[in-house]
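In: based on what follows, work out the 3D shape:
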Amino acid sequence: MITENLYRSVLIEPAQAGATELRVVSGYATASMAHRHLTDPAISESGIKIQLVYGMAPADGVSLVDDAMFGELETNHPFSCHYNIERPAIHSKVYVWMAEDRPVKAFTGSANYTQRGFLGGGQQEEAMAEEDPVEALDYFQSVLDRAMEINHDDIEDYVAFFSPDRGHKDYADCVNLSLLTRRNDVGQRSGLNWGQRPEENRNPNQAYLRIPSDIARTGFFPPRAIRFTVLTDDGFTFVAVTAQDGDKAIHTPDGNQILGEYFRRRLNIQLGDPVNLAHLQNYGRTDVRFCKLDEETFFMDFSV
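Out: Predicted structure coming up:
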């Protein structure tokens with residue numbers, strides 16, 4: 001039985017031993033977990049393909065945030081996702097590693113394909129154990145036969161999708177992050193202007209959001225190892241992570257220009273140009289509001 005280092009033991013080491021594909025049945029799953037796994041060097045550099053079946057979809061539905069991010073992952077990575085569409089819903093967690101279409105290792109246990117399940121952060125304890133890979137593959141295939149690809153035209157007839165875009169006033173757990181420095185300016189080479197360093201040959205749109213130390217100490221945002229999905233008030237989604245000493249900033253691991261480009265578009269200024277205080281004042285906001293939907297999903301409001 002495996003009770004420690006689940007992420008490495010179950011999701012990384014088989015790839016390092018020569019497996020080429022992972023097939024997953026998981027009661028619950030998050031796009032932030034899939035993103036973290038797919039971009040792990042041990043997976044991405046080996047070209048590992050991941051096929052996921054989300055088992056509890058017909059019972060509890062799927063967040064539109066995760067659904068959108070699963071779709072983006074399918075476009076940009078060797079990843080495919082299906083939702084179970086039959087009752088009873090499937091709460092099983094089965095992980096089958098393949099090598100050239102042959103099952104070589106499998107695990108089953110309590111851990112969902114989520115960061116809470118595999119990285120925990122002290123919030124809950126999970127256990128996994130090795131399983132016969134042939135039997136596990138047979139089970140995976142039986143579940144896949146009851147599932148539908150996430151982009152199928154009829155998927156909404158079987159799965160309820162719930163939206164977190166009610167607006168930040170409906171959320172209880174929220175914080176405001178200022179876009180200004182303590183001197184009440186934007187910062188010439190930090191924050192939204194982090195990339196404004198031509199001597200370092202940076203992308204000029206690189207940016208990060210500051211997390212004040214008093215908010216960082218509360219644990220409102222996940223710890224540094226945990227990625228989280230952010231939905232904005234205008235429907236944009238991105239993956240983020242806390243970074244820098246003391247978890248005092250929000251970065252985008254797919255490229256820190258993502259945040260800078262997003263805010264420049266909202267402020268209606270040219271990509272690559274520096275952001276100044278007048279831009280924010282003319283727009284009508286000098287801060288941004290984050291509301292926690294769950295441990296891996298946040299709503300970001302920059303509306304006026």
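
In: pick out the residue nearest the middle of this protein.
Out: Ser32 (1.8 Å; CA atoms, centre = their mean).

In: now the one helix or strand it maps to - C-alpha only, CSV.
Out: Using DSSP states H and E, Ser32 sits within helix 31-38. Provided in CSV are the C-alpha atoms of helix 31-38 (Å, rounded to 0.1, in the frame of the first residue of the first chain):
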residue,chain,number,x,y,z
ALA,A,31,-8.3,20.6,-14.9
SER,A,32,-5.6,22.2,-12.7
MET,A,33,-4.4,18.7,-11.8
ALA,A,34,-4.3,17.6,-15.4
HIS,A,35,-2.4,20.8,-16.3
ARG,A,36,0.1,20.3,-13.6
HIS,A,37,0.6,16.6,-14.5
LEU,A,38,0.8,17.2,-18.3
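
In: so the nearest residue to Thr286 once chain neighbours are set aside is in which element?
Out: Nearest residue to Thr286, sequence neighbours excluded (CB to CB, 6 or more residues apart in numbering): Leu280, at 4.8 Å. In short, each C-beta sits where N, CA and C put it, glycine included. Following DSSP H and E, one finds Leu280 within helix 277-283.

In: packing partners of that helix?
Out: helix 257-267 (3 or more CB pairs under 8 Å, 6 or more residues apart in numbering; DSSP states H and E).

In: buried stuff in the helix holding Ser32?
Out: Neighbour-count burial for helix 31-38 flags Ala31, Ser32, Met33, Ala34, His35, Arg36, His37, Leu38 (criterion: 16 or more other CB atoms under 10 Å).

In: quick check: Phe238 is in a strand.
Out: Yes: according to DSSP: H, G, I helix; E, B strand; the rest coil, Phe238 belongs to a strand.

In: per-residue confidence for it?
Out: Here, the pLDDT recorded for Phe238 equals 92.

In: who touches the helix holding Leu280?
Out: Leu179, Leu180, Asn184, Asp185, Val186, Arg266, Leu267, Asn268, Ile269, Thr286, Val304 (CB atoms under 8 Å, 6 or more residues apart in numbering).

In: kindly report the same for stretch 32-51.
Out: Against stretch 32-51 from outside (CB under 8 Å, 6+ apart): 11-12, 15-16, 19-24, 52, 69-70, 73, 77-82, 113-115, 117-118, 144, 226-229, 239, 253-254, 296-297.

In: mind checking what secondary structure Val175 has?
Out: Val175 is classified as strand under three-state DSSP.

In: quick one on the thing from earlier: and the helix holding Ser32, how far from the chain's centre?
Out: Taking CA atoms, centre = their mean, to the nearest Å, one finds the center of helix 31-38 at 6 Å from the center of the full chain.

In: now whichever helix or strand comes after it: average pLDDT?
Out: Next in sequence after helix 31-38, counting helices and strands by DSSP H and E, comes helix 41-44. Averaged across helix 41-44, pLDDT comes to 96.

In: helix 41-44: which residues count as buried?
Out: Here helix 41-44 shows Ile43 as buried, counting by 16+ other CB under 10 Å.

In: repeat that for stretch 69-81.
Out: Met69, Phe70, Glu72, Leu73, Glu74, His77, Pro78, Phe79, Ser80, Cys81.

In: and the contacts of helix 277-283, which are buried?
Out: Buried among the contacts of helix 277-283 by 16+ other CB under 10 Å: Leu179, Leu180, Val186, Arg266, Leu267, Ile269.

In: can you list the residues you listed in CSV and add pLDDT and distance to Val159?
Out: Listed next are the buried ones among the contacts of helix 277-283 as CSV, based on pLDDT from 0 to 100; distance: CB to CB, whole Å:
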residue, pLDDT, distance to Val159
Leu179, 97, 37
Leu180, 95, 42
Val186, 94, 43
Arg266, 96, 31
Leu267, 97, 37
Ile269, 95, 40
